[in-house]
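Asks: Need a 3D model of the following:
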Amino acid sequence: VIWDYTFYWSLLAPLYFAGHQASLPVLGALRPQFTQASALNVAMQALLRDWGDRNAARGVDLQPPDGRGLDQYRIDWFRELNRQLRDPLDEPAFVARTQGDVERMHTLALELWRHARQEHPAIDDHGLVALLGDRLQSAATPLLDASWYVALATAQTAAHSA
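Replies: Numbers count the residues shown, from 1 in each chain. Sure, this is the predicted structure:
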């Protein structure tokens with residue numbers, strides 16, 4: 001869900017809310033970001049599907065034991081993506097912010113891929129390595145705190161013990 005919302009709130013929703021969905025200058029300026037984000041999304045969807053299949057094959061149930069989900073509102077940058085949809089920006093500021101939001105998508109993709117590889121070292125990168133390029137060497141501050149991964153680690157430990 002975090003990945004899908006990040007994709008939507010970084011690119012598609014801002015265009016609509018800002019009224020730029022038919023603005024050729026804005027769309028032209030953002031063409032590289034749309035190309036990058038589209039390729040990232042295809043690779044991430046494949047990675048997430050593969051990760052889920054591998055977890056299921058190990059008997060991992062990712063539902064929290066108390067039946068609650070994680071509160072997305074607690075993620076500052078994620079909440080800001082949604083809030084900023086209402087900001088009135090001129091075209092250059094809109095383009096600059098969207099470029100930054102797409103860069104955050106790369107950071108999130110790298111973080112999720114690294115976690116998938118921790119759990120499943122042989123998982124295919126689905127093209128992410130090529131898309132992330134030099135970012136693979138970065139040690140960026142995590143976008144998601146440990147609580148987002150605790151449920152995964154707990155479920156996998158339980159599955160291994162069973």
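Asks: ok, L136 to P14 distance?
Replies: Counting by Cβ to Cβ, to the nearest Å, the separation of L136 from P14 is 27 Å. In this view, the C-beta of every residue, glycine as well, is placed from N, C-alpha and C.
Asks: More neighbours: which of these two?
Replies: The neighbour count for L136 versus P14, taken as other Cβ atoms under 10 Å, is higher for P14 (23 against 14).
Asks: For that one, which residues are in contact?
Replies: 20, 84-85, 94, 97-98, 101 (Cβ atoms under 8 Å, 6 or more residues apart in numbering).
Asks: Who wins on neighbours among these?
Replies: Neighbour-wise, these (other Cβ under 10 Å) top out at T98, 23 neighbours.
Asks: Now name the helix or strand holding it.
Replies: Here T98 sits within helix 91-119, counting by DSSP states H and E.
Asks: ranges for the helices of the chain?
Replies: For the chain, the helices defined by DSSP state H cover 2-7, 13-18, 24-29, 31-57, 76-83, 91-119, 128-132, 147-161.
Asks: of all the ones you listed, which has the lowest average per-residue confidence?
Replies: Here those differ in mean pLDDT, and the lowest is helix 147-161 at a mean of 56.
Asks: A116 reaches I123, doesn't it?
Replies: Yes - judged on Cβ atoms under 8 Å, A116 makes contact with I123 at a distance of 5.3 Å.
Asks: Neighbour count: the two, which is higher?
Replies: Neighbours were counted for A116 and for I123 using other Cβ under 10 Å; A116 has more, 23 against 16.
Asks: got a list of what that one touches?
Replies: Counted by Cβ under 8 Å, 6+ apart, A116 has contacts 47, 50-51, 123.
Asks: swap in F7?
Replies: Residues counted as contacts of F7 (Cβ under 8 Å, 6+ apart) are 37, 40-41, 105.
Asks: cool, and N41?
Replies: Shown in contact with N41 (Cβ under 8 Å, 6+ apart): 3, 7.
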